[in-house]
Structures are given as structure tokens and as C-alpha cells.
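> Starting from these lines, generate the structure:
(chains A and B)
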Amino acid sequence: MALDVHIQITDRDGILHDVQAPADMALNLMEVVRLFELVPEGTIGVCGGMAMCASCQCYIQSSHELTEKLDDEDAMLSEAFNVKSTSRLGCQIQISPELEGLQIELAPED
Amino acid sequence: MITTDILIIGAGPTGLFTVFEAGLLKLKCHLIDALPQPGGQCSEIYPKKPIYDIPAYPEILAGELTDKLLEQSKQFKPGFTLGERAQTIEKQADGSFVVTTNKGTQHKASVVAIAGGLGSFEPRKPAIENLQSFEDKGVAYIIKDPEVYRNKKVVIAGGGDSALDWAIFLSDVASEVTLIHRRNEFRGALDSVDKVQELKDKGLIKLITPAEVTAVFGDSKLESIEVVKLGESPVRIQTDAFIPLFGLSPKLGPISDWGLEIEKNAIKVNNALDYQTNIPGVFAIGDINTYPGKLKLILCGFHEATLMCQAAYKIINPGKRYVLKYTTVSGIDGFDGSRKEAPKAVVKSID
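Numbering: from 1, shown residues only, chains lettered A, B, ... in the order given. This is a model prediction of the structure:
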């Protein structure tokens, strides 16, 4: 049976959304934001999820252990704006049951 | 004034394939693109990445797809206005349109096909106070003519290919080149990284990392910038030019003021028929359009381009009938006088 994962997402207007992200669709965090239409189309996942733009940048607010950043993501974040120590690219974080209760905030659009 | 049958805005895969489909209908095309080369995202963002869902190609690199589309449409002699952004559209008394770019180039066509993908790629500008007021007064986000930096002091910010490549190039032109990046690591082709290292060792490029430009100063033009190196106090650097190179991001841009119906950052079209917008004669195809069930896929753009060309044919040849012809049967007659056709079968008896 498919498991849903609860994720709390604060959108770019500061509104908190509690979403149930399906864990059986090979989704990443960027795609979850699009699935629930939390930001206008065309303002997130611009490069399609290749870590080649920073439109899906988010700040991780909870203490979940996430997969390590790969070089692509690291390099992109080194060029992005509004980067904090908690910044990640949503497209590089796959939804898995371990992410239950994850809290993130979407970075502003640049 | 450039005149054509179909003016295509956007030279990505959908725009390029439109040239081919239009050519089969004897319609001429001209393309405008804000980028300096054709291919759109495929050449700008991910030329070296593979695509797996182009029919008949189990795998093709995005850059290779662009090359093949250019080759396929070559005989229909498309015109290109590259490095310019379509700015305004004006409907003429005769029903045609005049589209003018940001550089003033005018194009006249009976049909306009917007194949603009995510919009036009605009440089990403760092959030530095007053930065905008120094634009063209020392601050630039794109290097159009490197000669303007001859014997000048130049500061480049960024850590990608364009920052590296321009730092290398300008080290030969400018009197002083400083490259500032937030990290010690750069992301670029290995030989550019090595070359910058070499130039730095020779003292031809000044490298400041990990650091960020935090302020710009000057009276009538840029005179200095403030740089903060991680963990240190700010320093001022005298410079004639500051060039932040932080990549490009697509914006719908001026098209959003053309009176088109926009939904979710995309142009609404009639998908039951021909992908026409709310302005008759103006179509939107590929990633830039939206309709119920829309999928932003290259292959869907190809289909949309094909149907759009049929509608364009009817507008350009009113009252003329059209019968679908197969390229295998009819061959292809290029506008350059070339002809491609299937080889004729040989009829010969066997003894």
C-alpha cells in the first residue's frame, strides 16, 4: 500500500501548508510543491529538476537527515541568491518515508 | 523591415520544427530569439544532457537534437534574429503583424507563432542596493562587446562557466581583472578552471574567494565596489566595471503585455483546433502555451507546431484547399532549390 508522507511547507507568501506527499510516485520536493500548486507554474522547477537553476531552493527547518548534496547542487547553491546554511534544492530531495514530518520554507523567487 | 510568412518567437525545438512543417506547406519562416544561438533551453541550459522521449531516439543529447532540427529545416532557409527580444506587436490594416525587438529590428508577417518556452532568458541580477542605477554606467550583466573593457579595471562575480571564460578572455584586454566568487570551488569546464588557476599564478587575474560584492559606489558612473571576504571586514575596490555573471533565468517578459490571455505564466490557446490565442493570427505552441491536459514536452510541441502550420496556411492562402501529402511520396522541395525524394523502384525482369 502506498504511504503518504506529511510535509509542512511554508510558501513564498509565508502561508503554511500541511501536505500529504505520496511516497510511491518517485517525486522530489520540487515536484510535491508543483503537485499541490503552492507557487505559480513557471516559477519553480524551471530547469526541469536538473539542479541547473535555483527556482526550487528551500530552507530545511526540521532536523531530518537528508541525502548529501551532490556536486551539481552544491555548485548551483554557490551561485544562487538568498542562500542560507539550511538551503537545499527541492528537486534533489526524493520523497521517502524517512521524510515524515519534514518542515521546509520556500526561498523567494529571484 | 524583415518580411516572412510565419514569424516564430523562440528558436527552441518547437520553433525550429515549425520551420520544417511550414516549409512543407511552402511557407517561409523567420525566428527571433533573445539568446545568441538557436536551441532555446536545449542549448542554453542542458546541451550535454540526454533526452529519452524523442520518438525514434532512444537517447539524444539536447545539443544534438538542436543540431538535427537545424539540419532538418535548413533547406527551408529560415531567417534568424538572434540576441534580440521580441518587444512589441502591432496589428496592421492588412491583417498582418509587425513585431519589433528591443533593439528596434522590425519583422512583418501574416502569422505570429509564439514558441517562447519559459519566456526569454534574462540575466539574474544580484540583490545589491543601487546596482540598477549603474547599469550601462559600469555595471553590465552580459558582455556584448569586450572591447569596451580595453585597459579598464574589471570585476567579475560568479562561479560558473561564463564567469570563468570571461575572466580568461578579459585578462588579455582589461588592465586588471578581479574574479569574485562565494566559494573557493568553481563550476566549469576543467580546462577553464585550470586556465584561471594559471592566470592567477601569473598575476593576470586577481581571485577573491570566498567573497561577495555587497555594495556599489560612484557618482555619475561606477567607481568602486565593496567586497566582503568570508569572516573579514569589508574592503573597497576601485573599478571601472562590475560584471555579475550569475546565469540566466527565463521571464515571460514583454509578451505578457501583448493582450494575450495568460494563465499560470502561460498563454491560453484553443487546443481543439490550432493552438490559436485570443488574438486571431497569433498562435502559441510548445511549453509557453496552456490548455486542459497540457504537457510541457518537446514531442507535444512538435505536434502543436504541425497543426498550427495548417491554420497558418489557411490564413496566408485564403480559400485555397489543402491535401495532406506524405514526404515519402512527394519528397521535399527546399527553398534553396534542393529536392529530396524516395528512390524510384527499379522494374527489371529477372532471367
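> from here on, contacts and neighbour counts on C-alpha atoms
OK.
> Can you pull the phi/psi pair for residue 64?
By default, I'm working from chain A. Backbone torsions of A:His64, given as degrees, to the nearest 10, read phi -60, psi 150.
> what pLDDT does it get?
We have a pLDDT of 94 for A:His64.
> How many neighbouring residues does it have?
Using other C-alpha atoms under 10 Å in any protein chain shown, A:His64 has 13 neighbouring residues.
> who touches it in this structure?
For A:His64, the contacting residues are A:99, A:102, by C-alpha atoms under 8 Å, 6 or more residues apart in numbering or on different chains.
> OK, now which residue of chain A is nearest to chain B?
A:Glu41 (5.3 Å; C-alpha to the nearest C-alpha).
> roughly how far apart are B:Ala34 and chain A?
17 Å (C-alpha to the nearest C-alpha, to the nearest Å).
> now B:Val173
Going from B:Val173 to chain A by C-alpha to the nearest C-alpha gives 26 Å.
> Now do the same for that residue: its pLDDT.
B:Val173 is assigned a predicted lDDT (pLDDT) of 96.
> The closest residue to it other than its chain neighbours and B:Ser162: what is the separation?
Among residues not flanking B:Val173 along the chain, B:Arg150 sits closest, at 5.0 Å (C-alpha to C-alpha, 6 or more residues apart in numbering or on different chains). Distance, B:Arg150 to B:Ser162, using C-alpha to C-alpha, to the nearest Å: 19 Å.
> These two: which is more packed in?
More crowded of B:Arg150 and B:Ser162, by other C-alpha under 10 Å: B:Ser162, with 20 against 15.
> For that one, identify the helix or strand it belongs to.
Taking DSSP states H and E as the definition, B:Ser162 sits inside helix B:161-170.
> Now tell me what touches that helix from outside.
The contact list for helix B:161-170 (C-alpha under 8 Å, 6+ apart) reads B:146, B:149, B:156-157, B:177-179, B:187-189, B:192-193, B:195-196, B:199, B:205, B:245, B:247.
> how about the residues of the stretch 101-250 of chain B that lie near chain A?
Residues of the stretch 101-250 of chain B lying close to chain A (C-alpha under 8 Å from any C-alpha of the partner chain) are B:118, B:124, B:126-127, B:158-160, B:182-183, B:185-187, B:246, B:249-250.
> Can you select the buried ones among those for me in ChimeraX?
Restricted to buried positions by 16 or more other C-alpha atoms under 10 Å in any protein chain shown, the ChimeraX selection for those reads:
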select /B:118,124,126,158,159,160,182,183,186,187,246,249,250
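> Just the ones in strands from the residues of the stretch 101-250 of chain B next to chain A, please.
When DSSP state E is applied, these are split such that B:249-250 fall in strands.
> Would you agree B:Pro250 is in contact with B:Leu118?
Yes. Contact criterion C-alpha atoms under 8 Å: B:Pro250 and B:Leu118 qualify, at 5.7 Å.
> Next, show the common contact partners of the two.
The contact sets of B:Pro250 and B:Leu118 overlap at A:Val46 (C-alpha under 8 Å, 6+ apart).
> Check whether stretch A:97-110 comes near chain B.
Yes. Part of stretch A:97-110 sits near chain B under the criterion C-alpha under 8 Å from any C-alpha, namely A:Asp110.
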